[in-house]
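Participant: okay, predicted coordinates and the sequence, questions at the end:
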Amino acid sequence: MRKLLLAPLALAAGLMGGAAAAQETLTVGAYPSNPPWEFKNEQSEFEGFEVDMIREIADRMGMELDISDLGFQALFAATSSGRIDVAISTITITEDRLQNQAFTQGYYDADLSLVSIEGGVTGLDEMDGQPVGAIASSTGEAWINENMEEYGFSDYRSYPSQQNLLLDVRAGRIAGAVGDITGFQFAAQQMPDLQIAERIVTGDQYGMMLPQGSDLLEPINAAITEMKQDGTMAEIYERWLGEAPGPDSAAINVLPVPESGGGD
């Protein structure tokens, strides 16, 4: 009788142990050419703002971490298919993306900018009749498509990586590029012939992207909340951006998990 009673308990324990084992490693996708958010050091190890974030999150969840090197466009297919648990790489939370993906709360206020070569255009009002570029599938690309007529860009050119995009800016093949202002500011420190021609205020925020219905969304989001409340996020922010977040910053204020409004 005792063996009969213990058998179901042992089976349940085995199933629970198997489920836990399946979640021992947090699989993450990251675009590796995105400093200061994600990049590889001389030892080919990932470093950066969001890398420090996800390492801290995995540690708080008691999980190992496995970061895969993926192109920016590939991140969306990788989460949708369940190939990875979560994607990082300055992914802006948008209504369109919420139709197919899940996001944590925002943790960085994400303005765009126009970057150009020194001596080139100094603002969007000088881009009439000029070619412009952005990384494929980025919010910079979406912004350009929405504003082609207003600013009169002669044509739009899509790039697979920020490196190729900025090389064409420096070579004069495009008059300017639109993308994450922090990434462009970081690039301009390494390439003094680049300049931030104009800041483009968007009101957007970055979040970590997961498959819809993921069981990991709640614990990852809870870890982000803890990091905001205990000062860890502010420390990461200052470490990589060289300044403390402002009092209204998404880096220190707990926000709701974004949900689709059902729009187009």
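Facilitator: Alright, I've got the coordinates. Numbers count the residues shown, from 1 in each chain.
Participant: name the spans of the stretch 1-150 of the chain whose pLDDT lies under the cut-off.
Facilitator: Residue ranges of the stretch 1-150 of the chain with pLDDT under 70: 1-23.
Participant: need the contact partners of the host helix or strand of N145.
Facilitator: Take DSSP states H and E as the rule and N145 turns out to sit in helix 139-151. Residues outside helix 139-151 that contact it (CB atoms under 8 Å, 6 or more residues apart in numbering): 92, 94, 96, 110, 112, 124-125, 127-128, 132, 134-135, 153, 156, 158, 177-180, 200, 202, 204. (Each C-beta comes from the backbone N, C-alpha and C, glycine too.)
Participant: quick one, which of those residues are buried?
Facilitator: Buried members of those, counted by 16 or more other CB atoms under 10 Å: 92, 110, 112, 124, 127, 132, 134-135, 153, 177-180, 200, 204.
Participant: nearest to Q229, of these?
Facilitator: Proximity of those to Q229, judged by CB to CB, is greatest for A110, which lies at 21.7 Å.
Participant: hmm, T94 and that closest one touching each other?
Facilitator: No: the pair A110 / T94 is not scored as a contact, 10.5 Å apart, by CB atoms under 8 Å.
Participant: between those two, which contacts overlap?
Facilitator: Shared contacts of A110 and T94 (CB under 8 Å, 6+ apart): 139, 204.
Participant: picking that back up, just the buried positions in the helix holding N145, please.
Facilitator: Neighbour-count burial for helix 139-151 flags 139-144, 147, 151 (criterion: 16+ other CB under 10 Å).
Participant: max pairwise distance over those residues: which two?
Facilitator: Distance extremes for those: the farthest pair is T139 and Y151 at 16.2 Å, using CB to CB.
Participant: roughly how far does the most centrally placed residue in the chain sit from S33?
Facilitator: For the chain, the residue nearest the mean C-alpha position is T90 (2.2 Å; CA atoms, centre = their mean). Using CB to CB, to the nearest Å, we find T90 at a distance of 12 Å from S33.
Participant: which one of the buried residues of helix 139-151 is nearest to Q195?
Facilitator: Comparing these against Q195 with CB to CB places G140 closest, at 16.7 Å.
Participant: ok, the residue nearest to the centre of the chain to T104 distance?
Facilitator: For T90, the distance to T104 equals 14 Å [CB to CB].
Participant: in this protein, which spans are helices?
Facilitator: 2-22, 49-61, 72-80, 95-98, 139-151, 162-171, 181-190, 217-230, 232-241 (DSSP state H).
Participant: surely I181 touches I196?
Facilitator: Yes: between I181 and I196 there is a contact at 6.8 Å, judged by CB under 8 Å.
Participant: which one of the two is surrounded by more residues?
Facilitator: In this view I181 and I196 are compared by other CB atoms under 10 Å, and I181 has more residues nearby, 20 against 14.
Participant: show me what contacts that one?
Facilitator: 111-113, 196, 199-200.
Participant: so N253 touches I224, yeah?
Facilitator: No: the pair N253 and I224 does not pass the contact test of CB under 8 Å, sitting 11.3 Å apart.
Participant: tell me which of those two has more neighbours.
Facilitator: A count of neighbours by other CB under 10 Å puts I224 above the other of N253 and I224, at 26 against 15.
Participant: please enumerate residues in contact with the strand ranked longest in the chain?
Facilitator: Longest strand in the chain, counting residues (DSSP state E): strand 194-206. Strand 194-206 has contacts (CB under 8 Å, 6+ apart) with 50, 90-94, 106-118, 120-124, 139, 143, 166, 169-170, 176, 178, 181, 184-185, 187-188, 250, 255.
Participant: quick one, that strand and helix 162-171 angle?
Facilitator: 150 degrees (axes from the mean of the first three to the mean of the last three CA atoms, to 10 degrees).
Participant: average model confidence for strand 194-206?
Facilitator: Averaged over strand 194-206, pLDDT sits at 95.
Participant: quick one: that strand to chain centroid distance?
Facilitator: 15 Å (CA atoms, centre = their mean, to the nearest Å).
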